[in-house]
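> everything below, folded, please.
(one chain, ligands or ions: 1)
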Amino acid sequence: LIHLLSTEGLPREILTHILDTAANFVGVHQREVKKLPLLRGKSVFNLFFENSTRTRTTFEIAATRLSADVINLDIARSSAAKGESLLDTIANLSAMAADIFVVRHSESGAPYLIAQHVAPHVHVINAGDGRHAHPTQGLLDMYTIRHHKGDFSQLSVAIVGDVLHSRVARSDIHALRTLGCPDVRVVGPRTLVPPDLAAMGVRVCHELEEGIRGCDVVITLRLQNERMNGALLPSSQEYFQRFGLTPERLRWAKPDAIVMHPGPVNRGVEIASSVVDGAQSVVLEQVTFGIAVRMAVMGIVAANEA
Ligand code: CP
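Numbering: from 1, shown residues only. Modelled structure (predicted):
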């Protein structure tokens with residue numbers, strides 16, 4: 001694995017290797033070993049052209065724990081704001097001896113473009129591109145599910161919400177299918193869950209009860225207003241009335257079902273506060289596991305050169 005751009009097409013062995021490696025790093029935290037030398041002498045450049053709290057911070061923590069030098073480019077104050085092109089920006093940062101670029105961009109495909117233009121020893125990790133992919137979120141979601149449920153081969157997983165605009169949903173679906181999850185459902189109104197998603201090997205449901213009944217895992221997604229060009233369909237209130245995950249509706253899932261959300265959460269829109277903060281929620285565990293998963297990804301790509 002030279003770059004990590006998507007979970008689509010990643011073989012099961014690589015997905016499992018990343019999760020197993022991450023498990024070792026979780027163990028490292030538990031033993032309170034703060035730093036490992038895996039990326040000593042390497043420079044990790046965090047390039048977030050779109051906002052982030054969890055991904056950017058956990059990449060920074062992960063790189064620091066692996067002893068890398070971490071550079072967080074402040075895009076709003078960079079020369080990108082003066083019109084410098086993406087590839088000129090990358091060429092100039094490469095001249096500063098970058099080893100790993102962690103890239104978030106609103107344009108689907110931007111990390112692929114960068115990966116085509118960097119030197120063979122440089123690695124690109126997609127930290128979320130448009131509505132296309134968010135592979136490290138997909139991986140940390142798989143880590144969280146495996147941690148709580150073990151094997152994927154008997155699981156029913158429902159992904160509820162704005163699947164249309166969700167890079168997380170796409171990365172989760174590809175990873176779940178590759179890891180052998182037999183029952184993946186995507187759930188939401190027709191405006192946000194188009195029927196052609198069935199081509200990804202998932203069941204499309206437009207009623208919440210049908211979608212989450214008997215599920216082991218319920219992944220809720222944010223309504224991404226910023227990708228809807230001002231036309232929020234349905235409105236937040238309408239959405240909550242039909243698809244909001246409340247304690248009563250969560251009873252349709254299995255009693256030991258876990259509730260996930262990639263964040264940021266719109267409380268009272270896709271999920272009730274009492275569910276986000278409730279006993280079945282693993283939302284903050286997802287964030288913590290993200291550190292170990294991102295350590296694993298950076299350690300694995302850095303060990304491979306083209
Ligand atoms: N889940 C996620 O990508 O969150 P951030 O946008 O805060 O990084």
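
> for whichever residue of the stretch 101-250 of the chain sits closest to the ligand, give me the pLDDT.
Nearest residue of the stretch 101-250 of the chain to the ligand (C-beta to the nearest ligand atom) works out as residue 137 at 5.2 Å. Yep, even glycine has a C-beta here, placed from its N, CA and C like the rest. With respect to pLDDT, residue 137 has a value of 98.

> in which helix or strand would I find it?
helix 135-149 (DSSP states H and E).

> ok so, going back, my read is that the residue of the stretch 101-250 of the chain closest to the ligand contacts residue 168, right?
Yes. Judged on C-beta atoms under 8 Å, residue 137 makes contact with residue 168 at a distance of 5.0 Å.

> can you pull the contacts of residue 174?
Going by C-beta atoms under 8 Å, 6 or more residues apart in numbering, residue 174 touches 6, 7, 8, 9, 10, 138, 200.

> which ones are touching the residue of the stretch 101-250 of the chain closest to the ligand?
Residue 137 makes contact with 55, 128, 167, 168, 171, 172, 262, 290, according to C-beta under 8 Å, 6+ apart.

> take those and keep only those in helices.
55, 167, 168, 171, 172, 290 (DSSP state H).

> who wins on neighbours among these?
residue 172 (30 neighbours; other C-beta atoms under 10 Å).

> who are the neighbours in contact with residue 132?
Residues counted as contacts of residue 132 (C-beta under 8 Å, 6+ apart) are 6, 108, 109, 167, 170.

> quick check: it vs residue 149, distance?
Counting by C-beta to C-beta, to the nearest Å, the gap between residue 132 and residue 149 amounts to 27 Å.

> do residue 289 as well
Using C-beta to C-beta, residue 289 is found at 14 Å from residue 149.

> between the two, who's got more neighbours?
Counting neighbours by other C-beta under 10 Å for residue 289 and for residue 149 shows that residue 289 has the greater number, 25 against 17.
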